[in-house]
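Quick check, what structure comes out for this input:
(2 chains)
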Amino acid sequence: MSPLGLGLLALQWQVNPESGVPLAPRWGWYVVLYFFIGGLIAGCYAIASALQVVGDPRDREAVRIGHRLAFPGVLVCAVLLIVDLGRPERFWHMIIKSHHFPEPIFKYWSPISLGSWILSLFGALAFVSFIGVLLETGRLRWKPLVRLHQRVRQLPGWVSKAWGILGCLVGIALAGYTGVLMVSAVTPVWHNAVPLGGLFLASAVSTSYALLILLLLRRGRRHSDPTVRKLEDADRWAVWIEVALLLLVLVPLGALARPILTGAYGALFWVGVVVAGLLAPIILDRIKDRGDLERRLRLRAILILVGGLVLRFVLVMAPQWPQVPPWHL
Amino acid sequence: MAKGFFTDTTLCIGCKACQSACHQWNQLPAKPTELTGDSYDNTGHLNALDWRHVRFIEQFPEDRSQEGFLKGSRWLMMSDVCKHCVKAGCLEVCPTGAIIRTEFDSVFIQQDTCNGCRACLAACPFGVVDIGTDGKAHKCTLCYDRLQHGMEPACAQACPTDSIRFGDVGELMAIADQRVAELRAQGVDAYIYGKDDIVGGLNCFFLLVDKPEVYGLPARPELPSKHVAEGFGVSALTAAALAVTGFVSFRKTRMDERGDDGQGAPLAPDTPAPPSVGIEAVRGTQRIVRERAIETEPRPRSLPILGQARR
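Numbering: from 1, shown residues only, chains lettered A, B, ... in the order given. As a prediction, this is how the structure comes out:
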């Protein structure tokens, strides 16, 4: 759907500044970092899986990077989420009924419950892919697994594609639910920011393109490398999609967006998200001068990553001020 | 049969007996109070320790002369509490199943299940649920333990003016409607906050004489799930847009390469021949090698004739 179409859809949402007066959920840096790292690994995994399906063998290194990052990233996310709980030792209550062990608990209408399952499923996929990369690169040489890996390689091509498509979908689900989790809060700023899920997804994918480009450059790939070019081209689109969604979030909010756009958080938003995270990369894309292309690409990627982190920090923390200070964990 | 409270704010005298009784029965510890600076309220709002909170709203006219002051000033009081909503936002989002609906239709947090994820804090449109120092969510239980023994909740029993009444919700609503009619007959602009228009109805509802915002209540509260489907819809559209642009970019780069030299780009030097990249990738490599072999093979200018070929 075009940005105009999305804009028209946005007009149908009626902003209700009286949606509720909840206490701040006291989300702090653990949640901000989870949103950022979770988005990154989900995006990287989805992109890697997509390259596995529609890419060519030259993209294999990017596929390996994406698949290798995901599992350690999931572990970091799990730690962040568990530490954030009031009772960390009860983390398993998120997916298992504590009164009816081991019966699972799943509320598809509750984004936090859905998210717990998505993260668990993503963790399982990421683990398999991680082991696959270790076997592929020869870092894991346990014979039963090596034999299994050889058998998997002999499976028909559609199996590999199906696995890639599944990974892509679950990665997108992980990157796309966090914004909806915020929409499910009745705090007027979040509750009325309906396209927040899309914004976080676009930002996650964009930051993931940026991270993959950075890692490929670090491994000696050049600006003209086909995989780098693919990722850069795709990221240009992702940045514009992010711009469109940011406007769709903020414009309908009107006065409700004041905590995000004004004050110290506002300054951080304008500098970190708008200027550094979106405008600067767009301007860098437009520069015709053929200087040090790798350096420019690296700078662009770093700015996008910084913008993605600041976006989440401001959107999570600003509406909670002054109940929750910016340094709250 | 649903049980609940009817809190008639016109009868509240701000004695805080309800707050004290609640603390006493539920063994909620006292905490140092602070003067908020704008009223006699020293609790601020409902929280993990104050499951009843008496709100003081002082309304004074601009005209501060004695006559104007007496005519236009008003002191509103309201004993706030969990609304035990018919459609409870906290119960809706709770991922652990810690928040349940009891046989009295009240909403109860099971302390042995709650893991302190705090989803319910953001989901309650009335700012009722709070997290305690023990890391778990807390709020009014409608004195579930007392109800199980046929007793009424401590706050309702302690209220000296019957501002807080406990009973069957249907009966209480009938009493409330009657009270509203009486007050309106006296010229008071009274109404019930908590009928079906407020998130499907509140089992603990209020008689108010000013706008809900004046009492710190939302005028049009919404359930957490209100925009969830739309939110996921936008995520799906975004995913589709990213997929299409990604696919186009991935394919376009490949086409550009083929357009540059007409032969398809060589494999990047740092890309090792994939030994075990999955069957599809191996097939892809074979295909590229095959295509390149065909393209790089010098094409005969004419069809080979048997005799020429021999020469």
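
how close does A:G132 sit to B:L202?
Here A:G132 is placed at a distance of 54 Å from B:L202 (C-beta to C-beta, to the nearest Å). All C-beta spots, glycine's among them, are computed from the backbone N, C-alpha and C.

Now do the same contact list for A:V63.
A:V63 is in contact with A:A48, A:S49, A:L51, A:Q52, A:G55, B:V277, counting by C-beta atoms under 8 Å, 6 or more residues apart in numbering or on different chains.

so what's it scoring on pLDDT?
A:V63 is assigned 93 on the pLDDT scale.

where does the residue nearest to it when sequence neighbours are not counted land in three-state SS?
Nearest residue to A:V63, sequence neighbours excluded (C-beta to C-beta, 6 or more residues apart in numbering or on different chains): A:A48, at 4.6 Å. Secondary structure, DSSP: H, G, I helix; E, B strand; the rest coil: A:A48 is helix.

And for A:A48, the neighbour number?
When neighbours are defined as other C-beta atoms under 10 Å in any protein chain shown, A:A48 has 29 of them.

re earlier: out of the contacts of A:V63, which comes closest to A:L214?
Distance to A:L214, by C-beta to C-beta, is smallest for A:A48 among the contacts of A:V63, at 14.7 Å.

Surely that closest one is in contact with A:H67?
Yes - when contacts are counted by C-beta atoms under 8 Å, A:A48 is listed as touching A:H67 (5.2 Å).

State which one residue of chain A is found closest to chain B.
Chain A approaches chain B most closely through A:G86 (1.8 Å), counting by C-beta to the nearest C-beta.

Which residue is the nearest non-sequential neighbour of that residue?
Closest residue in space to A:G86, ignoring its immediate chain neighbours: B:G116 at 1.8 Å, by C-beta to C-beta, 6+ apart.

Show me where the chain dips below the pLDDT cut-off.
Just going to use chain A. In the predicted model of chain A, residues A:1-13, A:290 satisfy pLDDT under 70.

meant chain B, my bad for not saying
The model of chain B has pLDDT under 70 over residues B:68-69, B:253-311.

Just the closest residue of it to chain A, please.
At 1.8 Å from chain A, B:G116 is the closest residue in chain B, using C-beta to the nearest C-beta.

Go ahead and measure how far stretch B:87-94 is from the middle of the chain.
Distance, stretch centre to chain centre, for stretch B:87-94: 8 Å (C-alpha atoms, centre = their mean, to the nearest Å).

Convert that stretch to PDB, retaining C-alpha atoms only.
These are the backbone C-alpha positions of stretch B:87-94, laid out as PDB (Å, rounded to 0.1, in the frame of the first residue of the first chain):
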ATOM      1  CA  LYS B  87     -14.400  -6.400  30.700                       C
ATOM      2  CA  ALA B  88     -11.200  -6.000  32.700                       C
ATOM      3  CA  GLY B  89      -8.200  -4.700  30.800                       C
ATOM      4  CA  CYS B  90      -5.700  -6.200  33.300                       C
ATOM      5  CA  LEU B  91      -7.300  -9.600  33.100                       C
ATOM      6  CA  GLU B  92      -7.300  -9.400  29.300                       C
ATOM      7  CA  VAL B  93      -3.600  -8.800  28.900                       C
ATOM      8  CA  CYS B  94      -2.200 -10.800  31.900                       C
END
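
is chain A contacted by it?
Yes - for stretch B:87-94, a contact with chain A is found by C-beta under 8 Å from any C-beta of the partner chain, at B:G89, B:E92, B:V93, B:C94.

Return the residues of the stretch 1-150 of chain B in contact with chain A.
Near chain A, when you scan the stretch 1-150 of chain B using C-beta under 8 Å from any C-beta, you find B:45, B:47, B:89, B:92-98, B:112-119, B:121-127, B:129-131, B:134-137.

now do 6 Å
For the stretch 1-150 of chain B, the residues in contact with chain A (C-beta under 6 Å from any C-beta of the partner chain) are B:93, B:95-97, B:113, B:115-119, B:121-122, B:124-125, B:127, B:130-131, B:135-136.

so of those residues, which ones are in strands?
B:D130, B:I131 (DSSP state E).

element containing B:L217?
Assigning secondary structure by DSSP states H and E places B:L217 outside every helix and strand.

so where do the strands sit in the stretch 51-200 of chain B?
According to DSSP state E, counting those that start in this stretch, the stretch 51-200 of chain B carries its strands in the segments B:52-59, B:74-81, B:99-101, B:107-109, B:130-131, B:137-138, B:164-168, B:191-193.

Residue 153: neighbour count?
Using chain A here. 19.

right idea, wrong chain: chain B
Neighbour count for B:P153, taken as other C-beta under 10 Å: 31.

Leaving out sequence neighbours, find the closest residue to it.
Per C-beta to C-beta, 6+ apart, closest to B:P153 is B:C143, 3.7 Å.

separation between that neighbour and B:M77?
22 Å.

And these two? Which one has more around it.
Using other C-beta under 10 Å, the more surrounded residue of B:C143 and B:M77 is B:C143, with 25 against 22.

Could I get the phi/psi values of that one?
Main-chain torsions, B:C143, degrees, to the nearest 10: phi 50, psi 60.

A:Q323 now?
The phi/psi pair for A:Q323 (degrees, to the nearest 10) is phi -60, psi -30.

Which residues are in contact with it?
Taking C-beta atoms under 6 Å, 6 or more residues apart in numbering or on different chains, we find A:Q323 in contact with A:A24.

Find the nearest non-adjacent residue to residue 238, please.
Since no chain was named, I'll use chain A. Distance criterion C-beta to C-beta, 6+ apart; nearest residue to A:A238, sequence neighbours excluded, is A:S206 at 4.0 Å.

wrong one, I was asking about chain B
Using C-beta to C-beta, 6+ apart, the closest residue to B:T238 is A:G198 (3.5 Å).
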